[in-house]
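In: give me a 3D structure for the following:
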Amino acid sequence: MIRRLVFIGSSAFAVPSLQLLHGSKDHSPLLVITQPPRPQGRHLKTIPTPVGAYAIEHGIPFIHPDNVNDEATINLVRDLDPDLVVTVSYGGMIGRKLRQTARLGAINLHPSLLPQLRGATPIQTALLNGMTETGITIFKLNARLDAGAIYRQQTYPIDTGDNYTSLHDRLAIAGARMLPDLLSTSDLHTEIPLPQNDSAATYSRKITRADLLIDWQEPAGHIIDRIRAFSLEPGAYQILRGKMLKIMRCEATNDAAQDIPGSIQNIVKNTGWSINCADCQILVTSVQPAGKPIMDAWAFHLGARLMPGELFFRTNDL
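Out: Next up is the predicted model:
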């Protein structure tokens, strides 16, 4: 059984893993390492990472070095004499010296079926690509991006109603449950992990603002996948009457497009409105106007008084 752990993580995805480890009698981390607090929000208030906030709330010893691979951090971890370093969604490279402070090295929990979707945005990319399944992989961390040998892997379906938030939260919990099981039942001293097939590797990339802009001249299926991939955060958008409008949820229809892409076709009472895409119409059911909370598309329509034929900003007008 693996008992002496150092946990390295930052984002909300890592919190369920830290929560389960901290709540167990056998695997509570000796130390948590996270990214430094960053200015966030409209007022640029400096706040800790979600992992840092959890450590503060529960009295877990933690540090947030500017450079996780500096000598001070390495010496601190080495003095703790850990069996294993566990990393989940840290947001930075864990160098060889830090990995080697633990007798068994370091493992990482990644939300994809490696070697598929290595990189920083596997959940968004799976949705963007219209994939019907993804998973969790726990692997031995090495110097190459998400390329270490695999200890455990589990497949999970992507439901048609999933968006980024729902899939993120479900995978975060599923991955967290895999960690204590691995640490309790396996002998990492002797277990030989399965090497990845590098020739089958695919990659996810950093999301840019350009990825969030909806192009109504794409097929409806692609547009739906884009909206799902960025809902509820940061939100795929278009421009209506000179202002950003995020489209948070939509549905496929069986109706062919009847006008130019980006034009409102029908107002659907108590539901929302349909928009023409390259091939079909989609039904918009939830939106977020600039500076306002998420609301039903029908409620937005009541205030905005949308009309059939009205155009969203089109990408070929940029």
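In: what helix or strand is the nearest residue to N163 once chain neighbours are set aside on?
Out: Using C-beta to C-beta, 6 or more residues apart in numbering and skipping residues adjacent in sequence, the residue nearest N163 is S231, 4.1 Å away. No exception for glycine: its C-beta is placed from N, CA and C like everyone else's. According to DSSP states H and E, S231 maps onto no helix or strand at all.
In: same question, L109
Out: strand 106-110.
In: again, but for Q265
Out: If you go by DSSP H and E, Q265 is part of strand 264-268.
In: next, count neighbours for the nearest residue to D255 once chain neighbours are set aside.
Out: Once flanking residues are discounted, D255 sits nearest to Q281: 4.5 Å by C-beta to C-beta, 6+ apart. The tally of other residues near Q281 (other C-beta atoms under 10 Å) stands at 24.
In: try D181
Out: Residues lying near D181 (other C-beta under 10 Å) number 11.
In: can you tell me what sits against the strand holding Q265?
Out: 255, 257-259, 273-276, 281, 283, 298, 301, 306-312 (C-beta atoms under 8 Å, 6 or more residues apart in numbering).
In: okay, buried residues for it please.
Out: 264-268 (16 or more other C-beta atoms under 10 Å).
In: now do stretch 77-84
Out: By 16+ other C-beta under 10 Å, the buried positions in stretch 77-84 come out as 77, 82-84.
In: repeat that for stretch 60-68.
Out: Neighbour-count burial for stretch 60-68 [16+ other C-beta under 10 Å]: 60, 62-64, 68.
In: I8: which element?
Out: Secondary structure (DSSP H and E) places I8 in strand 5-9.
In: quick check: mean pLDDT across the very next helix or strand once past that strand?
Out: Later in the chain than strand 5-9, the nearest helix or strand by DSSP H and E is helix 15-23. Here helix 15-23 scores 96 as its mean pLDDT.
In: tell me what L5 is bridged to.
Out: Beta-bridge partners for L5, by DSSP bridges, are L84.
In: filter the contacts of strand 264-268 to the buried ones?
Out: Looks like the contacts of strand 264-268 have 257, 273-276, 281, 283, 298, 301, 306, 310-312 buried, using 16+ other C-beta under 10 Å.
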